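K.L.:
What shape does this take:
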Amino acid sequence: MKIIEYFASEDQARWLEQIKRSDWSAGQFLYGLLRDGRMKELCGESTKVLLLTEDEKLLSFCTYARQDDIREPSLTPWIGFAYTFPEFRGKRRIGKLLERAYALAKADGYAHTYISTGETGLYEKYGYTFYKTMKDMHGKDSRVYRNEIVTVDYSQVLGMRVNGTIDRPLGSSHPRHPEMVYPINYGYVDGIYAGDGAEQDVYVFGVREPIRSFAGKVVAVLHRLNDCEDKWIVSMDGSVPDRDEIMQAIEFQEQYFMGELYL
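P.N.:
All right, here's what the predicted structure looks like:
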């Protein structure tokens, strides 16, 4: 999967045509705004339209903007027009776009991101909490959710020497989802417990064969934004994989969660 920003794309016509296929009135409204060149006039010049794609297909989209249908200038930025096409639902695809919006908001120095919605029990899955009910630009009540932007101090973890057990070796299948095959050794640190009350989970790099135990150094931490536990990245051979290498190796599982990688 790949995230494309619509206004930076060289193939806007392709993506606009796919946005047009959405079976949602707000999606059709977004299509009209983009077609007519009015999107930034309504939501701000810095507006981004984030597109989650796979090959030539559009899976999900949303906007990241200073304004949305709640016209309250003290609250910003907003995630709007969040939509996943029916054939791609059930795998939390929109979470990857919310993850990107979170990263953009953090880089821009904001304390929160906001979502205006009529849904209950949806955005809580992505780390959002109900803020309050407000009037939208049409005078209708809307539920406003927000997500806090945080920075976690992992200075006591990064560089730590650890050892532990591999309970899901490279090539094995997830015990509850047999279609998920581990392309990397996955296990836990002996004697250190995570936020879920179980021993701390790790992805182990620096070895290309199935193993049963490990000893190495923590070189990164994946902080899950919508879960109670983090994942430690451990190197057995002393090498430090770069961000892209780590994210590609763990995407098989982390694609279903929102996360932020600390190196």
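
K.L.:
Pull the contacting residues for residue 223.
P.N.:
The contact partners of residue 223, by Cβ atoms under 8 Å, 6 or more residues apart in numbering, come to 152, 154, 230, 259-262. For every residue, glycine as well, the C-beta is placed using N, CA and C.

K.L.:
Buried subset of these, written for PyMOL?
P.N.:
Here is the PyMOL command that selects the buried residues among these (16 or more other Cβ atoms under 10 Å):
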select buried, resi 154+230+259+260+261+262
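
K.L.:
In contact with the closest residue to residue 165 other than its chain neighbours, which residues?
P.N.:
With sequence-adjacent residues excluded and distances taken as Cβ to Cβ, 6 or more residues apart in numbering, residue 165 is closest to residue 187, at 5.1 Å. Counting by Cβ under 8 Å, 6+ apart, residue 187 makes contact with 164-168, 201-202, 204, 213-214.

K.L.:
Likewise for residue 59?
P.N.:
1, 52-53, 84-85, 88, 93.

K.L.:
Could you say which helix or strand holds the residue nearest to residue 165?
P.N.:
Assigned by DSSP states H and E, residue 187 belongs to strand 185-193.

K.L.:
The helix or strand that that strand is followed by pairs with which strands?
P.N.:
Sequence-wise, the next helix or strand downstream of strand 185-193 (DSSP H and E) is strand 199-205. Sheet pairing of strand 199-205 (DSSP bridges) gives strand 185-193 (antiparallel), strand 231-235 (parallel).

K.L.:
Report the distance from the host helix or strand of residue 142 to the chain centre.
P.N.:
Under the criterion of DSSP H and E, residue 142 resides in strand 141-148. Mean-position distance between strand 141-148 and its chain equals 18 Å (Cα atoms, centre = their mean, to the nearest Å).

K.L.:
for the stretch 1-150 of the chain, what spans make up the strands?
P.N.:
2-5, 48-54, 57-65, 78-84, 112-117, 129-135, 141-148 (DSSP state E, counting those that start in this stretch).

K.L.:
Of the ones you listed, which is nearest residue 253?
P.N.:
Of all the strands of the stretch 1-150 of the chain, the one in closest proximity to residue 253, counting by Cβ to Cβ, is strand 48-54 (17.1 Å).
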